[in-house]
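Asker: Make a model of this:
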Amino acid sequence: MSQYLLIICEGINLCVMGRLGPTEIILIVAVILLMFGGKKIPELMKGLGNGIKEFKNASKEDKSADKKETKEETKE
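Answerer: Below you'll find the model as predicted:
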């Protein structure tokens, strides 16, 4: 379980932002479990993952649109 908490910590940058140790992270996870329950958390994580995926796709599309605009401007 500590491996998963470390991955969560690295993914969200909690270790850098607040210097949270393993005890604090376990406490946060326990509070989240109490608030949402074990059955609701996978749904929340799935929604979060889909949101992140959509954000990445939108930013890629925006970058490609910017590249097309700059190519069109240089042709003129």
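
Asker: tally of neighbours for Val29?
Answerer: Applying other Cβ atoms under 10 Å, we find 15 residues neighbouring Val29. Every C-beta, even on glycine, is put in place using the N, C-alpha and C of the backbone.

Asker: now for the helix or strand that contains it, which elements pack on it?
Answerer: Using DSSP states H and E, Val29 sits in helix 22-36. Judged by 3 or more Cβ pairs under 8 Å, 6 or more residues apart in numbering; DSSP states H and E, the packing partners of helix 22-36 are helix 2-12, helix 40-75.

Asker: tell me the mean pLDDT over the longest one?
Answerer: Helix 40-75 shows an average pLDDT of 83 in the prediction.

Asker: Check the shortest one too.
Answerer: For helix 2-12, mean pLDDT rounds to 54.

Asker: picking up where we left off before, okay, buried residues for the helix holding Val29 please.
Answerer: Across helix 22-36, burial judged by 16 or more other Cβ atoms under 10 Å covers Ile25.

Asker: what's the angle from that helix to helix 40-75?
Answerer: Here the directions of helix 22-36 and helix 40-75 differ by 100 degrees (axes from the mean of the first three to the mean of the last three Cα atoms, to 10 degrees).

Asker: Tell me which residues touch Leu33, please.
Answerer: For Leu33, the contacting residues are Ile41, by Cβ atoms under 8 Å, 6 or more residues apart in numbering.

Asker: and it, how far is that from Ile25?
Answerer: Distance check for Leu33 against Ile25: by Cβ to Cβ, to the nearest Å, it reads 13 Å.

Asker: same deal with Gly47?
Answerer: For Gly47 relative to Ile25 (Cβ to Cβ), the value is 21 Å.

Asker: Gly38 in helix, strand or coil?
Answerer: When classified by DSSP: H, G, I helix; E, B strand; the rest coil, Gly38 comes out as coil.
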